[in-house]
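Asker: Build the 3D model from these lines:
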Amino acid sequence: MKTSAPFKRAVLLGLALGSLGSAVALADQQVSIGLAGPLTGPSARIGKDLENGAQLAIDQANARHPQINGEAVTYKLVSEDDQSDPRTAVSVAQRLVDAEVVGVVGHWNTGTSIPAARVYHDAGIAQVAPVATGHAYTQQGFDTSFRIMGHDDDGGRVAGDYALNTLKARRIAVIDDRTAFGQGLADQFAKAVEAGGASVVEREYVDDKTIDFSAVLTNIRGHNPDLIFFGGVDSQAAPLARRIKQLGIKAPLMGAGGFVSQTFLQLAQNEGEGVIALEPGLAVAQMPGGKAFEQAYRERFKQGIELHAPFAYDGVGVLIAAIEKAGSTDPRQYLPVLRASHYPGVTGTIAFDAQGNLKNPSFTVYQVKAGQWQPVSVAGGAQAQ
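Answerer: Purely as a prediction, here's the structure:
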């Protein structure tokens, strides 16, 4: 049968519209998850590590051909660089909301997580902080805020107990970087040691860009402490450790939640020997899924884990699990499921308290021995209820 030209055009138009409809349908099946962290600047290595962990979780989720409420979906990671800056973090949070992500894994530190949390709360989407340890983040009362490692109230107490009972410290100097993380941690540590009968013989303050610690250490040396505690991150802890040795101060350096990285070891060089640090969570080798995760990470990215990739991986994992269990990307549907999670993560069982904090968190004490961070003690970590 001979087909008319108008009919042919109608068929072709129908096919074209059908193809466009299929393309739209496929686009509608994409589910975007945000990742916010410092992808540039001094902490870029941490941000990239978080991004890699999150991307590995996305890749593995897509490999099992996921469905939400019976519909096939593809997950996509949308990354934003907050430069570890609170103001930038607010703009980043709004960009992620505007990109219509269903939830966000981030931010890295407390100072960025706190202001960003309001943006996510106002948009009604989940923020799963993989690292931010300042208790103030979840004390804002937002039902969209979660964290998957212990907070500094617990960390300061554990660090204080270790300083008193294991290190037998009684005269302690405390330094912090005046950030929400560093000062909050130092405050909790100081409370713990004083409650245990020790004395804070000197309290010094720097800022998060200080690289010359000569003045504060000169003041501290005059008080003859038997331990120096620093609330800050690895990029500052390394020059601090070097200067302590150069000034002949015998007191060991201790920190928490920001020291344990290869970057510290590289920057501190030989002067890092003996430094003690408490880190939320377990060492990778002691995590329930740590060894398998580390192997998969190396195969995918051709490098080792910097520090926090497993937590970003679990942040994506617990968020996806809640969405799929709820059968919806609508936060009104998945948020109650997320809050009631009992998720078997790589880092351990993830369950949240009423504030969104991780229940029964683990903390590991590390010490630099023979130029490497070695886990020496574990506290907490009972099976989440």
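Asker: For A57, give its distance to Y75.
Answerer: 9 Å (Cβ to Cβ, to the nearest Å). For every residue, glycine as well, the C-beta is placed using N, CA and C.
Asker: what residues do the two have in common as contacts?
Answerer: By Cβ atoms under 8 Å, 6 or more residues apart in numbering, A57 and Y75 have these common neighbours: I320.
Asker: Pick out whichever of the two has more residues nearby.
Answerer: A57 (27 against 21; other Cβ atoms under 10 Å).
Asker: From I68, how far out is the spatially most central residue of the chain?
Answerer: In the chain, the C-alpha nearest the mean C-alpha coordinate belongs to V131, at 2.1 Å (Cα atoms, centre = their mean). Per Cβ to Cβ, V131 is found 28 Å from I68.
Asker: Helices along this structure, start to end?
Answerer: Assigned by DSSP state H, the helices in the chain fall at 5-28, 44-63, 86-98, 110-123, 152-165, 180-195, 214-221, 234-246, 262-268, 290-301, 309-326, 331-339.
Asker: if I pick E202, what's in contact with it?
Answerer: Counting by Cβ under 8 Å, 6+ apart, E202 touches A173, V174, N219, I220, H223, P225.
Asker: among those residues, who's most crowded?
Answerer: A173 leads the contacts of E202 on contacts (other Cβ under 10 Å) with 26 neighbours.
Asker: and it, bridged to which residues?
Answerer: Judged by DSSP bridges, the bridge partners of A173 are E202, I228.
Asker: Per-residue pLDDT of it, please?
Answerer: On pLDDT, A173 comes in at 98.
Asker: Roughly how far does it sit from V233?
Answerer: Taking Cβ to Cβ, one finds A173 at 19 Å from V233.
Asker: Likewise for T40?
Answerer: 16 Å.
Asker: More neighbours: those two, which one.
Answerer: V233 (26 against 12).
Asker: Contact partners for the residue nearest to G156 when sequence neighbours are not counted?
Answerer: Spatially, and ignoring its direct neighbours in sequence, G156 is nearest to Q188 (2.5 Å; Cβ to Cβ, 6 or more residues apart in numbering). Q188 sits next to D152, D153, G155, G156, R157, G160 when contact means Cβ under 8 Å, 6+ apart.
Asker: between the helices of the chain, which gets nearest to V275?
Answerer: Taking Cβ to Cβ, helix 234-246 is the member of the helices of the chain nearest to V275, at 5.4 Å.
Asker: What are the buried residues along stretch 369-378?
Answerer: W373, P375 (16 or more other Cβ atoms under 10 Å).
Asker: Give the burial count for A123, as a bare number.
Answerer: Neighbours around A123, by other Cβ under 10 Å: 18.
Asker: for it, what are its contacts?
Answerer: Taking Cβ under 8 Å, 6+ apart, we find A123 in contact with V97.
Asker: Equivalent analysis for the one 3 residues further on, please.
Answerer: Residues in contact with A126 (Cβ under 8 Å, 6+ apart) are V102, G103, V104, Y120, T144, F146, L319, A322, P331, Y334, L335, L338.
Asker: Now the terminal residues of stretch 68-82, how far apart.
Answerer: 30 Å (Cα to Cα, to the nearest Å).
Asker: buried ones in it?
Answerer: I68, V73, Y75, L77, S79, E80, D81, D82.
Asker: before we move on, what about stretch 274-285?
Answerer: In stretch 274-285, counting by 16+ other Cβ under 10 Å, buried: V275, I276, A277, L278, E279, P280, G281, L282, A283, V284.
Asker: so who does the first one touch?
Answerer: Taking Cβ under 8 Å, 6+ apart as the contact definition, V275 lies against A237, A241, P252, L253, M254, G255, F259, F264, A268, Q367, V368.
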